[in-house]
Each structure stands twice: as structure tokens, then as C-alpha cells.
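> Next input, structure requested:
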Amino acid sequence: MRSTASPGRDKVIIIQWVLPLVLRLSLDLMLEVSLAVAETDVTQVITSEDRPVSRYEAGMMDKLAAKDSEIALLKSNTYTDQKLADVYDRLLTIINRNKEEQTAINMNQAVYNGTNTATLSCMKQQIAELAALSELVVPQRKVCDTGCCCNG
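Residues are numbered from 1 along each chain as shown. Here you go, the predicted model:
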């Protein structure tokens, strides 16, 4: 005979019964592992062949690890030095390009300044000549053009 219970209710019942059981097994397993770890001697290292490692071998492994870390440090220093040299070269290239561009701008400005100086000198000279000329000869009709009797 079929049960009239809903599928959602069955899931709740399964979770209520199975979840505590799984948690209990997990806690038991963790307790066993922690006890096993606590019982082992910390100085003994088990290799893949399941045999203890002597102090001499542990010391060699420490020295090897120290040398590996020193090699890694030297490699990283070399890499950093190479990258710094690359950055320096790129910056030097950019600086030189900017310097050349600025030199070209300065040359154009020098030409412009020279042209303006020559033009202003020429204008000064023309103004001086006109000033000297107006002091020497000024026609009477240019002095008074109001139409009075002095033009006569």
C-alpha cells in the first residue's frame, strides 16, 4: 500500500535521521585522526616508503629546502633586475624622444623670435625715419585742414 505522505515530508524525515548520523560519524572520524596525530612522534617523518627518517636525513632535507629557497630568491632578484633594466631602457627612450621633440620646438621658437626681432628692428627704423622726416618738412596744408583762412 502506498503512503500518502508528501515527497517534501520524506526529505525532511531523511534529513532529520541521516544528518545527525553523518555528523556523528564525521566527528568520530575527526576525533580518531586527532588522537592518532597526537600519539605520533613529531620528530619522526614518514616517507613514501613508510619508514622513519633519521635526524641526518631531516637535516639534509632542511639544507636542501634552504638552498631551494636561496635559488628562488636569486632567480627573483635576477628577474627583478631584468625588469628594472627594461623599464630604464623604455624610460630613457621616451626621455630622448621628448628631448628631441622639445629641441625641434625650441628651434622653431628661435626662428620665430629672430623673425620678430628683425621685423621690430625694421619697424623701429622706419618709425625713426618718419619721425625725423616730420621734423624737417611738414606741408602747410597738413598742419591745418579745418578749412579756415590759414590754407590760403
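
> Count the residues that sit near residue 81.
Residues near residue 81, counting by other CB atoms under 10 Å, number 10. Any C-beta I mention is one placed from the backbone N, CA and C, and that applies to glycine too.

> ok, it to residue 52 distance?
44 Å (CB to CB, to the nearest Å).

> same question, residue 125
Residue 125 is 107 Å from residue 52, by CB to CB.

> Over to residue 69?
In this view, residue 69 and residue 52 are 25 Å apart by CB to CB.

> helix or strand for residue 104, which one?
helix 55-136 (DSSP states H and E).

> So what's the model's average confidence on that helix?
What helix 55-136 shows for mean pLDDT is 90.

> neighbours around residue 113, how many?
Residues near residue 113, counting by other CB under 10 Å: 10.

> same question, residue 53
15.

> Same question for the one 4 residues further on.
By the criterion of other CB under 10 Å, residue 57 has 12 neighbours.

> who touches it in this structure?
If you count contacts by CB atoms under 8 Å, 6 or more residues apart in numbering, residue 57 has none.
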